[in-house]
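> Next come a sequence and a model predicted from it.
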Amino acid sequence: MTELLHELQMALTSYALITAFAVVGVTVLFSYWFSRRFTAGRVHGSAIAIVIGLAMAYVGGVMTGGSKGIADFPMLAGVGLMGGAMLRDLAIVATAFGVRMDEFKSTGLSGIVSLLTGMVSSFIIGGIVAYGAGYHDAVSVTTIAAGAATFIVGPVTGSAIGASSEVIAISIAVGLVKAVVVMIATPFVARYIGLDNPRSALIFGGLVGTTSGVAGGLAATDPKLVPYGAMTATFYTGIGCLLGPSVFFLLFSALLGA
Amino acid sequence: MVIYGTALLSLCLLAGMLAGEALGWMMGVEANVGGVGIAMLLLMVATDRLKAARRLRPASDEGVLYWSAIYVPIIVAMAASQDVARAINGGAAAIVAGVLVVAVAFALVPVVGRIGLPKPTPETRKDA
């Protein structure tokens, strides 16, 4: 019996990506059933699936002590491949298929405004919270503030300006909290912020910025909006990595007199 | 052939990533600037042209549509492989900053949405 279990485990591990398709498929199936049965479809199935995914990631992280959520179990390593940057980017680009160009042209200005507004507000709020938490040097404040942009901007900025690994870890945590909150909260607030058309989705992507958060949040709200939000969000991290160690670092240095 | 669609999609992604890396290199940052966004634009332009020239058959469409349809499950897998434990253990400062920044970004969506519209008042309806 234990031998059989061992064999099964071997099979699941060596076919990791296939295991992932099966596990995710069952999760999605359960989520849509749950959505119909208990919420009468009011909470979208994909929103429930994403929350279950996050919960599994938490359990995986606590049990294995790793950083890749449930994918740190050898048997479920394929989930990491399936949800990794490569296939995620391929799928995001595929959502642009059949989207009409003119829907983007009319939002050019507000797209740029949303990117800059999102960036500035993230850094201001991140900076204030960092200062309030007892970090008063420009390097630490900038790094934590950069984490409030995305969990990539944080460490990139931090290593560029020489932040300590403790501060970089906090900046990553801020970015992760942001991504998780966006994924969960977006479908619930969508109605109140007018997030129901391509134009507002584009602005949403620029303001929020975190690609995983935007992608997850919009997928849970209305998958048709995904290409628009993803389009602007994809520029956010790059611009953040540009402005974080330069403009914002100089700004915080001047403010804090360090 | 289905693979033509998938190959077109892949080529667009690769070209976009390359352009994003080049853009990052020119700006002097170690990050991909807008690679995925550029790839999306490439795919839109490419399919538009090919459709107009009747060079893209419905079977080729399937090669793109599959990946578009599998998007939500991929996002579920992405969610399941996030470092959620670290986010929660990141301390009060991380949680406060993360939640606040999202709340403000959400609140700004309708504000920024008004920029670039013909007129903010609902009475004036211009067909601009």
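Yep, that arrived.

> check contacts around residue 76.
Chain wasn't specified; assuming chain A. Neighbouring residues of A:Leu76 by CB atoms under 8 Å, 6 or more residues apart in numbering or on different chains: A:16, A:19-20, A:23, A:60, A:70. All C-beta spots, glycine's among them, are computed from the backbone N, C-alpha and C.

> Please refer instead to chain B.
A:24, A:27-28, A:46, A:49-50, A:52-53, A:83.

> Just the element for the nearest residue to B:Asn89 once chain neighbours are set aside, please.
Setting aside the residues directly before and after it, B:Asn89 is nearest to A:Ala173 in space (CB to CB, 6 or more residues apart in numbering or on different chains), at 7.6 Å. A:Ala173 is part of helix A:165-189 when elements are defined by DSSP states H and E.

> That helix - what's its average pLDDT?
The predicted model assigns helix A:165-189 a mean pLDDT of 87.

> And the next helix or strand past it?
helix A:198-208.

> That next one vs helix A:165-189, what angle?
Inter-element angle recorded for helix A:198-208 and helix A:165-189: 160 degrees (by axes from the mean of the first three to the mean of the last three CA atoms, to 10 degrees).

> residue contacts, A:Ser159?
By CB under 8 Å, 6+ apart, the contact list for A:Ser159 reads A:Ile168.

> helix, strand or coil for it?
At A:Ser159 the chain is in helix, as set by DSSP: H, G, I helix; E, B strand; the rest coil.

> quick revisit: among the contacts of A:Leu76, which lie within helices?
A:16, A:19-20, A:23, A:60 (DSSP state H).

> Identify the residues contacting the least confident helix or strand in chain B by mean pLDDT?
Within chain B, no helix or strand scores below helix B:84-89, which has a mean of 77 by mean pLDDT, DSSP states H and E. Identification of contacts with helix B:84-89 by CB under 8 Å, 6+ apart yields A:54-55, A:57-58, A:60-62, A:67, A:69, A:169, A:172-173, A:176-177, A:179-180, B:94-95, B:98.

> swap in stretch B:4-24?
Here stretch B:4-24 has contacts from A:89-90, A:93-94, A:97, A:238, A:241, B:30-43, B:46-47, B:50, B:56-57, B:59-67, using CB under 8 Å, 6+ apart.

> cool, and stretch A:42-60?
In contact with stretch A:42-60 (CB under 8 Å, 6+ apart) are residues A:27-28, A:30-32, A:34-36, A:66, A:68-73, A:76, A:180, A:183-184, A:187, A:216, A:219-221, A:223, B:72-73, B:75-85, B:88.

> Pull out the buried residues from these.
Buried members of these, counted by 16 or more other CB atoms under 10 Å in any protein chain shown: A:27-28, A:31-32, A:35, A:66, A:68-73, A:76, A:180, A:183-184, A:187, A:216, A:219-221, A:223, B:72-73, B:75-85, B:88.

> Now name the helix or strand holding A:Ser67.
A:Ser67 is part of no helix or strand, with elements assigned from DSSP H and E.

> re earlier: give me the distance from the least confident helix or strand of chain B to the chain's centre.
26 Å (CA atoms, centre = their mean, to the nearest Å).

> Which SSE is immediately downstream of it?
Downstream of helix B:84-89 (by DSSP H and E), the next one is helix B:92-113.

> So which other helices or strands are in contact with that following helix?
helix A:108-132, helix A:138-147, helix A:165-189, helix A:198-208, helix B:84-89 (3 or more CB pairs under 8 Å, 6 or more residues apart in numbering or on different chains; DSSP states H and E).

> hey, C-alpha coordinates of that helix in PDB?
Included here for helix B:92-113 are C-alpha records, laid out as PDB according to Å, rounded to 0.1, in the frame of the first residue of the first chain:
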ATOM      1  CA  ALA B  92       1.700  45.500  10.700                       C
ATOM      2  CA  ALA B  93       3.500  48.200   8.700                       C
ATOM      3  CA  ALA B  94       3.400  46.000   5.600                       C
ATOM      4  CA  ILE B  95      -0.300  45.200   6.000                       C
ATOM      5  CA  VAL B  96      -1.200  48.900   6.800                       C
ATOM      6  CA  ALA B  97       0.800  50.200   3.800                       C
ATOM      7  CA  GLY B  98      -0.500  47.500   1.400                       C
ATOM      8  CA  VAL B  99      -4.200  48.100   2.400                       C
ATOM      9  CA  LEU B 100      -4.000  51.900   2.400                       C
ATOM     10  CA  VAL B 101      -2.300  52.100  -1.000                       C
ATOM     11  CA  VAL B 102      -5.000  49.900  -2.500                       C
ATOM     12  CA  ALA B 103      -7.800  51.900  -1.000                       C
ATOM     13  CA  VAL B 104      -6.400  55.100  -2.400                       C
ATOM     14  CA  ALA B 105      -5.800  53.600  -5.800                       C
ATOM     15  CA  PHE B 106      -9.400  52.400  -5.900                       C
ATOM     16  CA  ALA B 107     -10.700  55.700  -4.800                       C
ATOM     17  CA  LEU B 108      -8.800  57.500  -7.500                       C
ATOM     18  CA  VAL B 109     -10.300  55.400 -10.400                       C
ATOM     19  CA  PRO B 110     -13.400  57.600 -10.800                       C
ATOM     20  CA  VAL B 111     -11.300  60.700 -10.300                       C
ATOM     21  CA  VAL B 112      -8.800  60.000 -13.000                       C
ATOM     22  CA  GLY B 113     -11.600  58.600 -15.200                       C
END
